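Chemist: This is the structure alone, sequence omitted:
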């Protein structure tokens, strides 16, 4: 039973354009969400997070949107750069110190 | 500050053997979590330790165990290895009460079971 889903295993985007990575969750008790980026042979790196009391959080080129009613969040990268090519993981948790649940990841390729 | 370190980085074992992986968290971080990553499965949560106590546990068999020491360093043990245990094992530490609940990952230990 996958509580956090990333239905697109891969995504290709032209450099300079917007990348939109999507994530859906099933557990309405999740109240905190994070995005991580992972390069080959490295551990995941934290990118950006959002609490369920917000619907948007922005950090430079990265913006995360949360739609609680749809149980959906998305990560927007604008403009996309070749260095953004990596696997992106969505993660969710209940902040009562429950375990973090990760999605299966989406591999983003930004084409120069 | 030094990042999360994991040793060894690579390991080859045979079925039936046991293995111990080590993780040193970022200084000051008291929470350490372990994950298994296999192709197509993403990161599967194994367990989390906080102040030497297991606080959360994933859905893995009892062959997978862990512990945390007083200096927050953690070890993970897998006994009676199976071929399916071949994976990247990631350790992550976090600052309890931190503003983002972000976890900081080590580079992982890649285990191959033959």
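Modeler: In hand now; what should we look at? The shown structure was predicted, so the numbers you read here are calculated from the model rather than taken from an experiment. Numbers count the residues shown, from 1 in each chain, chains lettered A, B, ... in the order given.
Chemist: give the contact list for the residue in chain A positioned nearest to chain B.
Modeler: Nearest to chain B, among the residues of chain A, is residue A:43, at 3.1 Å (CB to the nearest CB). C-beta here means a position set from N, CA and C on the backbone, and glycine is covered the same way. By CB atoms under 8 Å, 6 or more residues apart in numbering or on different chains, the contact list for residue A:43 reads B:4, B:90, B:92, B:105-108.
Chemist: Return the distance of it relative to residue B:84.
Modeler: Going from residue A:43 to residue B:84 by CB to CB, to the nearest Å gives 22 Å.
Chemist: For the closest residue to chain A within chain B, name its beta-bridge partners.
Modeler: At 3.1 Å from chain A, residue B:105 is the closest residue in chain B, using CB to the nearest CB. Beta-bridge partners recorded for residue B:105 (DSSP bridges): residue B:92.
Chemist: What count of nearby residues applies to it?
Modeler: 23 (other CB atoms under 10 Å in any protein chain shown).
Chemist: how about it, what does it touch?
Modeler: Each residue near residue B:105 by CB under 8 Å, 6+ apart is listed here: A:36, A:43-45, B:4, B:90-92.
Chemist: go on, residue A:82?
Modeler: A:15, A:110-112.
Chemist: among these, who's most crowded?
Modeler: Busiest of those [other CB under 10 Å] is residue A:110, holding 21 neighbours.
Chemist: does it sit in a helix, a strand or a coil?
Modeler: Following DSSP: H, G, I helix; E, B strand; the rest coil, the label given to residue A:110 is strand.
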